[in-house]
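*Asks:* here is a sequence together with a model predicted from it:
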Amino acid sequence: MLPKHLIKYFLFRILILLATIFTAFTITFVILKIMPIDIVNNIIARSMAVTGAALGDPEAVRRMYEIYYEIFGLKGTFIEQYVSFLNRFLTMDFGISILARPATVQEVISYRLPWTVALLVFSTILSWVIGNIIGAVVSLFEGSKLSNILQSLAIILYPIPYYVFALVLIYIFGYIIPLFSLTPIRLPSNIFSLEFIITVFRAMTLPALSIIVIGALGWWFLSSRAMALNIISEDFYLYGEIRGLPKLHLLKKYLLKNILLPQITALSINLGTIFGGALLTEILFNYPGLGTLLYQAVNAGDYPLVLGIVSMSIIGVAVATCIMDLLYPLIDPRIRYR
Amino acid sequence: MGVRLVVQGLFKNIIKTRKMGLKFKAGATIFFVIMIFGLLSFLTPHYHSYWYHFPQAHPPSLQSVDFIFGTTSNGRSVFWSLTNAIVNSLIIAVVTSMLACHIGLIIGILSGIKGGVIDKIMMFLTDSFIAIPGLPLTIMLAMILKPIINLFLLGVIISIISWPWSARMIRAITLSLREKDFVIFAKFSGMSTWKIIFSEIFPHILGFHATNIINTMLGAIGAEVGLAFLGLSIIEMDTLGTMIYWIQRYGAILQNMWWWVVPPIATLILLFLSLYLVSTGIQEFLNPRLRRVK
Amino acid sequence: MDNKNTAQLLVLKNINKVFRYGFFGFEFKALDKVNLTIEHEGIIYTIAGESGSGKTTLARIILGVHKPDEGLVEYKGKNIHSLKSSEARWFRREVQAIFQDPYATFNPMKKVYSYLYETVRSFLGFHDESEINEYINSRLLSIGLKLDDVKEKYPHEFSGGELQRIAIAKSLLTMPKLIIADEPVSMLDASFRINILNLFKDLKRRYNISFLYITHDLATAYYISDFIAILYRGTIVERGPTEDILRNPLHPYTQILLDSLPEPDPKKRDKYMKPLKLSEIEEKEFTVQGCKFSFRCSYSNEKCLQTRPPEILINNRVISCWLYHYK
Ligand SMILES: Nc1ncnc2c1ncn2[C@@H]1O[C@H](COP(=O)(O)OP(=O)(O)O)[C@@H](O)[C@H]1O
Ligand SMILES: [Mg+2]
């Protein structure tokens, strides 16, 4: 059974989650309200240009307009505007996607979401683990040639966004070493076939690689190494070394133990940035996730879909961060103590 | 009085830059070279604004300056595009960092000094902004503002997601400074709150502020490229982002038009590297123990 | 405001201070139920404890920099954490502070004189330049400094001891009743230390000023103070007249401190305590229910671990230890 203070912590964190989502949407509402531009007319002009008369059904057109008027707060009193806006964003009910009509925004998003989640979970965990371990191990060999090389590499990689590095990867793998196809994926219908797995694997490899290389050898490596060096300069580590503990023991019990906890916090703080970078990386590789969908939606002037993805991102990142924070006290002994 | 001290402090720091480390020097040199290259854009010939003025997809040749880096698939000189792109991307970066860092500075200091309810409200707002994933929000705004987009407005849009981090950091620094002995001593010497902010607290924040401005520039350049991927930058202008947008649009990578592909990507990577080196250089100089990356 | 003259000079009642790290993260009590009273003017009261025991935190709470999570700080009967702005000025005039490192308290870019000038102008309401100079000069002379030697100089042009003297002179300008001195001599050369300590004694005698003298050094405490409180992990384990406590320590921690006095290196002092892994103890000591010293104490039993010892009055002193319960 969970101790009382942990339950209190969980409830409090979930309350924070709700408050965060609520405030984030409120901020979005306010920002959209103060836009110095006639949003709805612009949108309608664009949608008409894209879809032409193809939308056909006048009832559908009328409903679409209604949704726009609601979303951008042009209908009813201020309070009504705010409430209907919140309602749309919380339920992600933005009507029919222009791009994928007659599918609704929710349907399109839920079809693409698993791809993005798979890519993110896979590459984020891998880069976090690899980067932190390399950082800690290399700190034991500070001053060696390998350490210097890795450090210089990290300094170059660290400030590069995933999606710029992805361009470099495309150039290398797409053209110079044409291993991976960069054309859109066509999935075999049988999701249990070997072919399916291979296709998914090939689709995922390059985007994941760009996230892992930058994440692991840039961010996580540098921060883990810096933390490890700090620990190594402390007395308790020195005593351990003098007592002649084997390096592997020092690494496990002294370094990794003290590095991984703060790095979990760092991960949860940076989740939003990682997510954004991954979306853009998808586009470059035609990976069939939310990022590529966003690209198509932007190009098609599909505002309902774009808004749906924005709302999905806000809720998704907030929930993911919350889950990480909820797991944290199960790992951190200090919180358990109280 | 306060202003004089701040200027003195800045001046002292600038003089001391000669003692800066290798990282700073390397970064500043690379940045300087890129800048000089960008400044060549003031010599841009008028015909650079036309498409198909030059033969399409022409590899580099030394026949004239226009062809040094070859031409694009829409018949424009890569050389002139690049020089203009550097300047325009830097303008966006400077607009963003000036806005975001100074909003962050003011909110952070006020929050840190005033404390109480003002602090709570401001930090709730800041945290909520931090909780919004920046990129999707920026994309939405850029899409809505597309009809009236320009360099300045793009900077404003990117600032919206950049200022909260600055505010948080500045507040944390202010809070720790507020407890420092020299601030308590000044308070018990009868100095007013404003005088303490200007002469005791502000000079200590300047160092962080400088690195923050540089880091925000770095972030802004990256964000512009990200928006450009989606066609949401200023497509009719040369920026590092839009250059990549057209490269993508014309599939230049797959056609192996390396003369078009390599310059903007290499410039971007060098720009990121140089700004990062300068900012860590300053950081390490200000706090030699701080050999870490956040 | 002088109708409160009958009130005690400084009273700390049940002060608790918790520091929190991170959003939800770790928290620990830097001060735990601290009680302390300086009855009147003309007393030197020492707070002694190892580094990290919460001495500076206590000083900052008295100066109003930190707010205690629980408890009260009363100066002449007034709660100093809820002063109106005019009262706050009065408080800062009557209570002054001196810190450990004088080079870190004076702004290196300002002339030292500007602090003296500002203090007089702002607290005493003098406006005429020559009047201010004259006043400052007279105060400096009283502790053996000359205005001309000070006026045009920046902090780095003085030695640490000289600069600390100027800091003291600055605090004297407002005719304070209480001076909080947080390790004022620990960064100074030995030759300057005794000099500054003698100055404190002298000021107490001449102007009837009280001092809250904070130190980790029992020898200097014995030399100058009338009363002493021993701080351990945020709790006062024993307090009372200096003479009594240092000649006849009752609390096991105070006894160990005095036994180990000839051993200047705090790490080696550990040999006087129960051998235990240090990092392990610290984590436990922050979270222990009972006496914070129980992990290192050779007399400790189950009760010490479970319940905080109450404050027990024995003759002139107050001691927190189960050993003296029911005696
Ligand atoms: N502003 C603060 N925030 C968090 N922890 C603090 C702060 N100030 C002091 N502490 C912690 O409180 C404890 C007591 O510190 P301090 O009062 O400075 O001790 P001392 O002056 O006796 O050396 C230390 O563990 C220190 O790390
Ligand atoms: Mg201290």
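*Replies:* Nice, thanks for sending it over. Ligands and ions are numbered 1, 2, ... in the order given.
*Asks:* where exactly do the strands run in chain A?
*Replies:* Remark: no strands are assigned in chain A by DSSP state E.
*Asks:* middle-most residue in it, spatially?
*Replies:* Computing the C-alpha centroid of chain A and ranking residues by C-alpha atoms, centre = their mean puts residue A:275 first, at 1.8 Å.
*Asks:* wait, it sits on residue A:120?
*Replies:* Yes. The criterion here is C-beta atoms under 8 Å, and residue A:275 meets it with residue A:120 at 6.6 Å. No exception for glycine: its C-beta is placed from N, CA and C like everyone else's.
*Asks:* quick one, what contacts the closest residue to residue A:304 other than its chain neighbours?
*Replies:* Counting by C-beta to C-beta, 6 or more residues apart in numbering or on different chains, residue A:94 is the residue found nearest to residue A:304 once chain neighbours are left out, at 3.8 Å. If a contact means C-beta atoms under 8 Å, 6 or more residues apart in numbering or on different chains, then residue A:94 has A:67, A:71, A:88, A:104, A:105, A:106, A:304, A:305, A:307, A:308, A:311 as its contacts.
*Asks:* just want the residue of the stretch 51-200 of chain C that's nearest chain B.
*Replies:* The shortest separation between the stretch 51-200 of chain C and chain B is 2.9 Å, found at residue C:122 (distances taken as C-beta to the nearest C-beta).
*Asks:* phi first, then psi, for residue C:97.
*Replies:* Recorded main-chain torsions at residue C:97 are phi -130, psi 140, according to degrees, to the nearest 10.
*Asks:* just to revisit the earlier point, could I get the contacts of residue A:94 as a markdown table with pLDDT?
*Replies:* Listed next are these as a markdown table, based on pLDDT from 0 to 100:
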| residue | pLDDT |
| --- | --- |
| A:67 | 74 |
| A:71 | 71 |
| A:88 | 82 |
| A:104 | 85 |
| A:105 | 86 |
| A:106 | 88 |
| A:304 | 83 |
| A:305 | 88 |
| A:307 | 87 |
| A:308 | 89 |
| A:311 | 89 |
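*Asks:* how far away is residue A:222 from ligand 1?
*Replies:* Noted for residue A:222: a distance of 26 Å to ligand 1, by C-beta to the nearest ligand atom, to the nearest Å.
*Asks:* same question, residue C:301
*Replies:* If you measure residue C:301 against ligand 1 using C-beta to the nearest ligand atom, the figure is 27 Å.
*Asks:* number of nearby residues for that residue?
*Replies:* 12 (other C-beta atoms under 10 Å in any protein chain shown).
*Asks:* got the contact list for it?
*Replies:* Shown in contact with residue C:301 (C-beta under 8 Å, 6+ apart): residue C:322.
*Asks:* need the per-residue pLDDT for it.
*Replies:* What the model reports as pLDDT for residue C:301 is 85.
*Asks:* distance of it from residue C:169?
*Replies:* Distance of residue C:301 to residue C:169, given as C-beta to C-beta, to the nearest Å: 52 Å.
*Asks:* now do residue C:59
*Replies:* Taking C-beta to C-beta, one finds residue C:59 at 20 Å from residue C:169.
*Asks:* so residue B:199 sits against residue C:114, correct?
*Replies:* No. Applying C-beta under 8 Å as the test, residue B:199 and residue C:114 come out as separate, 9.4 Å apart.
*Asks:* so between these two, which is more surrounded?
*Replies:* Set side by side, residue B:199 and residue C:114 show more neighbours around residue B:199, with 22 against 15, by other C-beta under 10 Å.
*Asks:* export the host helix or strand of residue C:167 as CSV, just CAs?
*Replies:* Applying DSSP states H and E as the criterion places residue C:167 in helix C:160-172. Written as CSV, here are the backbone C-alpha positions of helix C:160-172 (Å, rounded to 0.1, in the frame of the first residue of the first chain):
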residue,chain,number,x,y,z
GLY,C,160,40.6,42.2,5.2
GLY,C,161,41.0,43.3,8.8
GLU,C,162,40.8,47.0,7.9
LEU,C,163,37.8,46.5,5.8
GLN,C,164,36.0,44.6,8.5
ARG,C,165,36.8,47.5,10.9
ILE,C,166,35.2,49.8,8.4
ALA,C,167,32.1,47.6,8.2
ILE,C,168,31.9,47.8,12.0
ALA,C,169,32.3,51.5,11.8
LYS,C,170,29.5,51.7,9.3
SER,C,171,27.2,49.8,11.5
LEU,C,172,28.1,52.1,14.4
